[in-house]
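S.K.: Next come a sequence and a model predicted from it.
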Amino acid sequence: MTIPQSSLIVSCQAPVESPLHNPKMIAAMAKAAINQGAKGVRIDTPDHVAQVRQELPDSLIIGLWKRIYPGYEVYITPCFADAVKIAEAGANIIAIDATIRERPQGETVTYLINRIHQELGLLVMADVDTIESAIAAEKAGADFVGTTLYGYTKITENLSPPGYGLLQEMVKKLQVPVICEGGISTPQEAKKALEYGAYSVVVGTAITGIDLKVKAFNSVFLN
């Protein structure tokens, strides 16, 4: 199963301290998204992926595992062992951090993608922050490259998503499908991403980020 072109993928995640950070809750979000026409969902952690797969046996799941390895900044499916757990839980596609940063256990992006392809038989979505990491991810064998980490790494922390400029450059220079993810807050912004050449669009907080949305609204009343 692959990502359909010109499709909406909904990222169904919640902060670990939130009551929504629960497999049943995440699965409910995912089911609601699919019921309303989303063509797939992006899910974090093996237990959440497994629950979503149980609830949505035929739907596209882009799976990942956010894990902190002391001494390393990479946290989206950092190692092959993490990818294995996500695959076993039922993901169709594995999302990985494909930025040009040191990875735990001496693994590289190329090593990780090759093993996911060869041993797990799954496609890979490479989350990047710059055109350099995007080009490197394509060379490493990524099947999709996303703007996911634009604005979330040290070298891009002064930039704010959505990274339309990066998106356009990636579309121009890459041969693999480019996914726009990060900072898309309205349907109009999603449409603009498609107009700029995005193969498909991932939307998270604007749809499923109840905790962050309430916090933002409540700040008005606290001032």
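M.R.: Perfect, I can see it now.
S.K.: Any regions of the chain where pLDDT drops low?
M.R.: 222-223 (pLDDT under 70).
S.K.: just the helices in it please.
M.R.: In the chain, the helices defined using DSSP state H lie at 23-35, 46-55, 80-89, 109-115, 131-139, 164-173, 187-195, 205-208, 210-222.
S.K.: Residue 12 versus the closest residue to residue 13 other than its chain neighbours, what's the distance?
M.R.: Excluding the flanking residues, the one nearest residue 13 by Cβ to Cβ, 6 or more residues apart in numbering is residue 44, at 4.9 Å. Yep, even glycine has a C-beta here, placed from its N, CA and C like the rest. Going from residue 44 to residue 12 by Cβ to Cβ, to the nearest Å gives 9 Å.
S.K.: ok, those two, which is more surrounded?
M.R.: residue 12 (28 against 23; other Cβ atoms under 10 Å).
S.K.: ok, now how distant is the residue lying closest to that one once chain neighbours are set aside from residue 221?
M.R.: Distances taken as Cβ to Cβ, 6+ apart put residue 29 closest to residue 12, at 4.1 Å, once the chain neighbours are dropped. Distance, residue 29 to residue 221, using Cβ to Cβ: 26 Å.
S.K.: If you count surrounding residues, which of the two has more?
M.R.: residue 29 (23 against 6).
S.K.: related to what we said a few turns ago, and the helices of the chain: which comes nearest residue 151?
M.R.: Minimum separation from residue 151 across those (Cβ to Cβ) falls at helix 164-173, 9.6 Å.
S.K.: Please identify the buried residues of that closest one?
M.R.: Within helix 164-173, the residues that count as buried by 16 or more other Cβ atoms under 10 Å are 164, 166-167, 169-170.
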